[in-house]
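**Student:** Could you work out the structure for the sequence below:
(one chain, ligands or ions: 2)
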Amino acid sequence: LRRMTGDGEQIILSALDVEAQKEAERQVQAAFAQSQENSRLAALGTMALGVAHEINNPLQVMRNLGTLLRESAMPVNSQARLLDKMDRAVSRITSIVAALRSFARDGHADPAALVNVKELVTEVVDLVRTVRPKDDAQILIGEMSDQLLVECRETEIGQVLLNLVLNALDAIRDSNERWIRIEVAEVGEDAEFSVTDSGTGIPPDLVDKIMLPFFTTKTGTGTGLGLSISRSIVERYGGSLAVDLTSAQTRFVVRIPKRVAASATASEQRRTA
Ligand SMILES: Nc1ncnc2c1ncn2[C@@H]1O[C@H](COP(=O)(O)OP(=O)(O)OP(=O)(O)O)[C@@H](O)[C@H]1O
Ligand SMILES: [Mg+2]
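**Tutor:** Ligands and ions are numbered 1, 2, ... in the order given. The predicted model follows:
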């Protein structure tokens, strides 16, 4: 039929093809964006559970102290000590809620700011200890300057580090030796973060697959989006996320420029405008 009706008809048909393909691409992109959001929400759900659990302890402490204070006639200085304990329980709850709030926010539209790397790493480790209290792994933080600043959205780079540390915790669950080491270095104009763990490593035939969206070996518990989301975040900064194949232990390395390039800032602004 196409041959019979000539070129005009053919051009119309192929134009329709391109439109259909573009539409399909748009749908795939929308689905990926939606699944990124779903995965963020799933992570939030897990975190909320950990937080509920963690907050329960200080609340219990406060209730018991309250009962003690009400029922017993005790000297004023003993009362003061109990009130101090209550204060500490309240501070603990406040800091847990603050950590959850800073990571739960969808910060992708925040402006990039100068973020203190050492503080960011500390916050992520605190959060990990809060949401995975039963994982008694040693989390070692290497020497790092407290002056190192990186221009980024804290929630995004925090999420990347969090994903890597949570993966490391999963990887060492059944190991005898259980440690995770986080290191930060300045390499020229870049900041380099690395997360190393004492797990059994990534099987060589899987190394090329682990960053693909939805690839997971954690049947039932993993979405397989942690690494692909992390990679897309750091690539937006003009950085990279890679497995260090020269390391004896499993080691993931994130590199991002310390400063957002002027052209990147301009395209960011166009994108978010
Ligand atoms: N530190 C690690 N050691 C060994 N294997 C790892 C490590 N980090 C990731 N992997 C492998 O890469 C896969 C993909 O990781 P990714 O973070 O993308 O998804 P996930 O952890 O399976 O799921 P989710 O992040 O949604 O919980 C994991 O299922 C695991 O097989
Ligand atoms: Mg993961």
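
**Student:** give me the element the closest residue to ligand 1 within the stretch 1-150 of the chain is part of.
**Tutor:** The stretch 1-150 of the chain approaches ligand 1 most closely through Ser39 (5.8 Å), counting by CB to the nearest ligand atom. In this view, the C-beta of every residue, glycine as well, is placed from N, C-alpha and C. Applying DSSP states H and E as the criterion places Ser39 in helix 7-71.

**Student:** Check which helices and strands the very next helix or strand once past that helix sits against.
**Tutor:** Counting by DSSP H and E, the next helix or strand C-terminal to helix 7-71 is helix 76-104. Helix 76-104 sits against helix 7-71, helix 117-131, helix 154-171, with contacts defined as 3 or more CB pairs under 8 Å, 6 or more residues apart in numbering; DSSP states H and E.

**Student:** Quick check: which of those is buried the most?
**Tutor:** Most buried of the helices and strands packed on helix 76-104 by mean neighbour count (mean count of other CB atoms under 10 Å) is helix 154-171; its value is a mean of 22.

**Student:** tell me the mean pLDDT for it?
**Tutor:** Averaged across helix 154-171, pLDDT comes to 92.

**Student:** Can you name the element that comes right after that helix?
**Tutor:** strand 179-187.

**Student:** which other residues reach that next one?
**Tutor:** Contacts of strand 179-187 from elsewhere in the structure, counted by CB atoms under 8 Å, 6 or more residues apart in numbering, are 117-118, 121, 125, 137-142, 144-145, 148, 161, 165, 168-169, 172, 191-198, 255, 258.

**Student:** so what strands line up beside it?
**Tutor:** strand 138-141 (parallel), strand 190-197 (antiparallel) (DSSP bridges).

**Student:** Give me the buried stretch members for that strand, please.
**Tutor:** If you call a residue buried by 16 or more other CB atoms under 10 Å, then strand 179-187 has these buried ones: 179-185.

**Student:** Cys152 versus the residue of the stretch 1-150 of the chain closest to ligand 1, what's the distance?
**Tutor:** According to CB to CB, to the nearest Å, Ser39 and Cys152 sit 20 Å apart.
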